[in-house]
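Asks: missing the sequence, but the structure's below:
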């Protein structure tokens, strides 16, 4: 465990191009054991409520096959099963240590309706038109190409199915934006160093938020791919956005 100060230049280089995937994979693999705890601490316990809101907005049909993309330790997939017990969930991620933590969580609950699969969000091993619903939480900031990422989700989604994206976004309210940047830019990396031994991972977080498209731009990306009925909801004074899009029915 190390609290060494992060190399910001290296981190910013890693936020662009092909370096990003390997950087993100290593980062999440290192923090897997403390990931859930850090989520609870830095969101003051609200992240689970945001996941439940995302699932509610997905309007998942009965007996659906659902993809929880970048599942991490499986929290979003478990939220699906709480609201839609008849569903089956595939949790996909490329950070294997995260899913190992998730497997332990499933074993404690004797939960067999959620299965983990190793997969890259930009090149998934699933056939076209496989899933009734595709959801992700805190994924899209971490992919090399947002448009390509949503296009891949479009590919594996059945006609008429919904995609739902839960993400952190920069608030626009003057004053609060500065407070948000101070909290995520200064305080969260300190907490990440103390709790997870990884200040660099939690310095990457605000850097990735600053570079991520704002909600309306993200909605336009979804529309450009072919999603219909695109809309979004902002939560927590504009710091969280949940986007929904529907693949056209045949």
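Replies: On my side now, so go ahead. Bear in mind that the values here come from a model prediction, so they are computed numbers and not experimental data.
Asks: shaky segments in this structure?
Replies: For the chain, residues meeting the criterion pLDDT under 70 lie at 1-18.
Asks: all strands for it, in order.
Replies: Counting by DSSP state E, one finds strands in the chain at the ranges 65-69, 88-93, 114-118, 131-137, 157-168, 228-235, 240-246.
Asks: wait, which of these is closest to residue 39?
Replies: strand 131-137 (9.6 Å; C-beta to C-beta). Yep, even glycine has a C-beta here, placed from its N, CA and C like the rest.
Asks: residues contacting that closest one, please?
Replies: The contact list for strand 131-137 (C-beta atoms under 8 Å, 6 or more residues apart in numbering) reads 47, 50-51, 54-55, 58, 60-61, 64-70, 72, 75-76, 80, 90, 121, 153, 156-158, 161-167.
Asks: excluding covalently adjacent residues, which one is nearest to residue 143?
Replies: residue 149 (4.2 Å; C-beta to C-beta, 6 or more residues apart in numbering).
Asks: neighbours of the one you found, how many?
Replies: By other C-beta atoms under 10 Å, the residues close to residue 149 number 23.
Asks: please apply the same query to residue 217.
Replies: With other C-beta under 10 Å as criterion, residue 217 counts 10.
Asks: against residue 224, how distant is it?
Replies: 11 Å (C-beta to C-beta, to the nearest Å).
Asks: coming back round to it: residues in contact with the residue nearest to residue 143?
Replies: Contacts of residue 149 (C-beta under 8 Å, 6+ apart): 121, 122, 139, 140, 143.
Asks: quick one: the helices in this protein?
Replies: Using DSSP state H, the helices found in the chain span residues 8-14, 19-31, 35-42, 47-58, 75-83, 96-109, 146-156, 176-182, 188-196, 199-211, 215-225.
Asks: how many residues are close by the closest residue to residue 126 other than its chain neighbours?
Replies: The shortest distance from residue 126 to any non-neighbouring residue, by C-beta to C-beta, 6+ apart, is to residue 156 (4.7 Å). As a burial measure, residue 156 scores 23 neighbours (other C-beta under 10 Å).
Asks: residue 67 is in contact with residue 156, correct?
Replies: Yes: the criterion here is C-beta atoms under 8 Å, and residue 156 meets it with residue 67 at 6.7 Å.
Asks: rewinding a little: could you dump the helices of the chain into TSV with distance to residue 116 added?
Replies: Listed next are those as TSV, based on distance: least, C-beta to C-beta, whole Å:
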stretch	distance to residue 116
helix 8-14	26
helix 19-31	14
helix 35-42	15
helix 47-58	17
helix 75-83	9
helix 96-109	4
helix 146-156	16
helix 176-182	33
helix 188-196	22
helix 199-211	21
helix 215-225	26
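Asks: just name the most buried of these.
Replies: helix 75-83 (a mean of 22; mean count of other C-beta atoms under 10 Å).
Asks: tell me how many other residues surround residue 212.
Replies: 19.
Asks: does it touch residue 139 like I think?
Replies: No: taking contacts as C-beta under 8 Å, residue 212 lies outside contact range of residue 139: 11.1 Å.
Asks: what sits in contact with each of those two?
Replies: Common neighbours of residue 212 and residue 139, counting by C-beta under 8 Å, 6+ apart, are residue 167.
Asks: quick one: the closest residue to residue 238 other than its chain neighbours from residue 123, how far?
Replies: Spatial nearest neighbour of residue 238, chain neighbours left out: residue 171 (3.8 Å); criterion: C-beta to C-beta, 6+ apart. Residue 171 sits 33 Å away from residue 123, going by C-beta to C-beta.
Asks: tell me which of these two has more neighbours.
Replies: Just comparing residue 171 and residue 123: by other C-beta under 10 Å the higher neighbour count belongs to residue 171, 19 against 9.
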